[in-house]
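Chemist: what's the 3D shape of this:
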Amino acid sequence: MIDIGVNFTNSRFDKDRELVIERAQAAGIKGLLVTGTNVNESQQALALCQQYPQYLACTAGVHPHDANNVSDNYLTELQLLAQSPYVKAIGECGLDFNRNFSTPENQQKVFADQVALASKLKMPLFLHQRDAFDSWLEILMPFVSKVPAMVSHCFTGDLTQLKACLAHNMYIGITGWVCDERRGQELREIVKHIPLERLMIETDAPYLTPRNIRPKPKSSRNEPGYLPYIVQVLAQEMGCSTDDIMRYSMTNSVDVFGMERLCE
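Modeler: Just a heads-up that it's a prediction; the model follows:
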């Protein structure tokens, strides 16, 4: 398995990052893709990859929450980061009209800039979307055939949105949201529509701890070692084996992000 979404620069991992990696390895996780959410966090993600070169790769981008705070030269900084062999995608980028920590106008500009950058660099896009689907897809549409791949990270949409993403050959990242019987029920009901060839799995750690962990962990912090709990729910709801989920999601992750070296 490969966990394609880990916020590993988060301060909640500062005290025991190495132990978290050891637990992930013990759980069968072959590699982690560390999420970059702004220029500074992307630089930190790259530094972690250089510290753990046999286990980590990362993305570089600006999350919509940070769109108000970009510098005048942030695209140049992202392009410099993208020259590293550890940086596998542009993102996490997209739109979030649910919380609007940045203005919708700034979100759309910064998102469009990054989509164009991914097209220029021929790199995959690691995408965020919440309560902004139509505007998000409108920005992406002209570039669907101009980037190697688009990954809808932490997908929590409805069936119509899922089908639209699949119609444009996106990969679908599923997190512990699917393990949440309170707010994840709709997602549980529609994951069966995801072809295995388009599935990726992720924890989004330290967020979205799977609620099916037994016994319940003492800490609310999610970590990559909990990825198998997501696999269990997906296998149940998709009507296939856990081996199928692990094999296909890993193949997809390797194909899109070029993480072969982590699987040797």
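
Chemist: going by C-alpha atoms from here, please, whenever you check contacts or count neighbours.
Modeler: Noted.

Chemist: pull up the distance across stretch 60-67, start to finish.
Modeler: Terminal residues of stretch 60-67 are spaced 14 Å apart (Cα to Cα, to the nearest Å).

Chemist: chain center to it: distance?
Modeler: Per Cα atoms, centre = their mean, to the nearest Å, the displacement of stretch 60-67 from the mean C-alpha position of its chain is 13 Å.

Chemist: run through who's touching that stretch.
Modeler: The contact list for stretch 60-67, computed with Cα atoms under 8 Å, 6 or more residues apart in numbering, reads 35-39, 42-43, 78, 81-82, 87, 89-96, 100-103, 106-107, 110-111, 114, 128.

Chemist: what do you get for stretch 149-162?
Modeler: 5, 123-129, 133, 144, 165, 169-175, 177, 184, 186-187, 190, 202, 204, 256.

Chemist: from those, which land in strands?
Modeler: Counted as lying in strands by DSSP state E, out of those, are 5, 125-129, 171-174.

Chemist: about what we covered before: buried members of the contacts of stretch 60-67 into ChimeraX, please.
Modeler: Selection of the buried residues among the contacts of stretch 60-67 in ChimeraX, burial being defined by 16 or more other Cα atoms under 10 Å:
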select :35,36,37,38,39,42,43,78,81,82,87,89,90,91,92,93,94,95,96,102,103,106,107,110,111,114,128
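
Chemist: restricted to helices, list the contacts of stretch 60-67.
Modeler: Counted as lying in helices by DSSP state H, out of those, are 39, 42-43, 78, 81-82, 106-107, 110-111, 114.

Chemist: between those residues, which is nearest Ser241?
Modeler: Ser42 (35.2 Å; Cα to Cα).

Chemist: shouldn't Pro142 be within a helix?
Modeler: Yes. Judged by DSSP: H, G, I helix; E, B strand; the rest coil, Pro142 forms part of a helix.

Chemist: neighbours of it, how many?
Modeler: Using other Cα atoms under 10 Å, Pro142 has 11 other residues around it.

Chemist: beta-bridge partners for Ser152, please?
Modeler: Leu127, Ile172 (DSSP bridges).

Chemist: what about it, neighbour count?
Modeler: With other Cα under 10 Å as criterion, Ser152 counts 23.

Chemist: sorry, back to before: make TSV from the ones in helices among the contacts of stretch 60-67 and add distance to Met150 and pLDDT to it.
Modeler: Formatted as TSV, the ones in helices among the contacts of stretch 60-67 follow (distance: Cα to Cα, whole Å; pLDDT from 0 to 100):
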residue	distance to Met150	pLDDT
Val39	20	98
Ser42	19	98
Gln43	22	98
Leu78	18	98
Leu81	19	98
Ala82	16	98
Asn106	21	98
Gln107	18	98
Val110	17	98
Phe111	13	98
Gln114	12	98
